[in-house]
Every structure is written in C-alpha cells, then in structure tokens.
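Visitor: A structural model of the following input is requested.
(one chain, ligands or ions: 1)
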Amino acid sequence: MTEPTTVTVECTLVLVKPDGVRRGLSGEILRRIEAKGYTLAAVELKHATPELLAQHYAEHEGKPFYAPLVEFMLSGPVLAVVAEGQGVIAGFRSLAGATDPTAAAPGTIRGDLGRDWGLKVQQNLVHGSDSPESAAREIGLWFPQTAA
Ligand code: IDP
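Guide: All right, here's what the predicted structure looks like:
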C-alpha cells in the first residue's frame, strides 16, 4: 500500500489564557506545540477587549458561563499564537485535552497543568480553534494584519 502524498498544512489559533500567562506556563505550552513538530507562525502578548471577546466567543453568548468567561479573559494578558502544521487544528486540541482540566487525560496540557475545575470553571489554560472555518475567523480577529 502506498502512503498518501498529499500534505495539508494548516494554521490554528492558540490562546494561552490569563491563568496560563499568570502561572508562567506560556513557555511550557509553546514548548509542547513545537515538540509535536508544529511551527510558531506568530506569537504576541495581547490584552483582549470586550469587543474582541464578543466576536471570539459569539457561539457561547447567552450561556450561563459566558459573562464569567469574558470577565476572566479580560483579567490579564493572553498569549495569542498562530501554530502551523499538518493536522494542527485537531492536533492542538488533542494536545490541549478535554475542556474540564479535572477530566482531561494525563499527558495533555490541561490534564498535566490545569487546576481542578471546581474552583474556577473557565480557567483551563488554553484555547484552540475547532475547525478550519473557526481557525480562519479567529486568526483574522486576533491578528487582523494577516487578513487577506
Ligand atoms: P473548548 O475550549 O475546550 O473548545 P468550549 O466548549 O468551546 O471549550 O468552551 C469555551 C470555553 O468556555 C472553555 O474553554 C471554558 O473556558 C469555558 N467553558 C466551557 N464550558 C463551560 C462550563 O460549563 N462552565 C464554565 N466555563 C465553561
């Protein structure tokens, strides 16, 4: 059987959330992305704005955790990252682990480094785009200078 020859290189938006930046875990999270073989195409420390977060989290508007999530995301700087590589959208979400750090598997960012979700439910260290459409939209929001 021959190996497939098509290599689809894609980009995803990763955010190291304010808990990750505050706890000094940005370097460890970038290290895991690079160790997996992905490339860092852009890295920038940013302060989110309510307007940016309203767009970024539009799908969650109206949910009970929406307002605390936005408040948390405004509580400190966020490290915005564009990671590039074959299968990086699904691959980073697998590196990140389950949304709830208490349930996330050992070996994942949230499983190894995340704190018990019972305390601060929004605080799960990282965001990663969940589809090619979300990745394009989110990269355009956080890195508007890269938009075509
Ligand atoms: P994901 O980040 O694993 O893709 P989403 O369901 O897209 O998870 O939710 C976005 C973010 O909203 C989560 O990362 C987490 O910070 C927060 N969140 C999701 N579900 C809950 C919840 O049930 N309670 C509190 N916060 C939540």
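
Visitor: if we ignore the residues flanking it in sequence, what's nearest the most centrally placed residue in the chain?
Guide: When C-alpha atoms, centre = their mean is applied to the chain, the residue found nearest the centroid is residue 127 (2.3 Å). Once flanking residues are discounted, residue 127 sits nearest to residue 15: 4.0 Å by C-beta to C-beta, 6 or more residues apart in numbering. Where you see a C-beta, it was placed from the backbone N, CA and C, and this is true even at glycine.

Visitor: hmm, who's touching the strand or helix carrying that neighbour?
Guide: Assessed by DSSP states H and E, residue 15 sits inside strand 9-16. For strand 9-16, the surrounding residues in contact (C-beta atoms under 8 Å, 6 or more residues apart in numbering) are 25-26, 29, 33, 41, 78-89, 92, 125-129, 132, 134-135, 138-139, 142.

Visitor: quick one: secondary structure of residue 134?
Guide: Following DSSP: H, G, I helix; E, B strand; the rest coil, residue 134 is assigned to helix.

Visitor: please report phi then psi for residue 39.
Guide: Dihedral angles of residue 39 (phi, psi; degrees, to the nearest 10) stand at phi -110, psi 140.

Visitor: hang on, residue 18 packs against residue 73?
Guide: Yes. Look at residue 18 against residue 73 with C-beta atoms under 8 Å: they come within range, at 6.6 Å.
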